[in-house]
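based on what follows, work out the 3D shape:
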Amino acid sequence: MELTINGKQYKVEVEPQMPLLWVLRDELNLTGTKFGCGIAFCGACTVQIDGVATRSCVFPASAAVGKEIKTIEGLSHNETLSKVQQAWVDHQVPQCGYCQSGMIMAIDSLLQTTPSPSAEELETSITNICRCGTYQRVKEAVVSIVESDNIKE
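Have a look, this model is predicted:
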């Protein structure tokens, strides 16, 4: 099957029901996407499929054919961090960092559809789990992005 990941075409020979997470990590060595729970609960495996935050640990690779898959490796451009990644650095969001790629992908997806999310929208939209409890820093980072974008308008 052929998959489009971060703007590049990849041909992989895997079982159709193999979770996309394992195709990314084991077949293509794109290891930024993490395995957390394996049941789509924690969000460590979040990628974007056609711009929508998707838990890749339960998403069959065959369902991704013909879609645009974006992983954390594809978020920055020309060695420049995306605005979400930069906000993460600026606000020192990560502690252990394990869940962060999934969290960043989920926030990036939210900001594409809702550029100025309310606190309530942020809380209900982002269901990723951070074992270190960095949620307040995540909120501060997102607020800084929204404020920065509103200033530029």
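
can we go C-alpha only for contacts and neighbour counts from here?
Fine.

which parts of the chain are strands?
Taking DSSP state E as the criterion, the chain contains strands spanning 2-5, 8-11, 46-49, 52-55, 68-70.

quick one: the helices in this protein, in order.
With DSSP state H applied, the chain shows helices at 20-22, 83-90, 100-113, 119-125, 135-152, listed in chain order.

would you mind putting those helices into a markdown table with mean neighbour count and distance to K67 alongside?
Shown next, in a markdown table, are the helices of the chain (neighbours: other Cα atoms under 10 Å; distance: least, Cα to Cα, whole Å):
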| stretch | mean neighbour count | distance to K67 |
| --- | --- | --- |
| helix 20-22 | 24 | 12 |
| helix 83-90 | 18 | 23 |
| helix 100-113 | 22 | 15 |
| helix 119-125 | 12 | 22 |
| helix 135-152 | 15 | 27 |
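
show me the domain layout of this protein.
Structural domains annotated on the chain: 2-74, 83-152, as defined by automatic domain parsing.

between the helices of the chain, which gets nearest to V65?
helix 20-22 (10.5 Å; Cα to Cα).

what about the closest one, average pLDDT?
In this model, helix 20-22 carries a mean pLDDT of 98.

grab the nearest non-local neighbour of the residue positioned nearest the centre of the chain.
The residue lying closest to the centre of the chain (Cα atoms, centre = their mean) is M105, at 1.9 Å. The spatially closest residue to M105, leaving aside those adjacent along the chain, is V47, at 5.9 Å (Cα to Cα, 6 or more residues apart in numbering).
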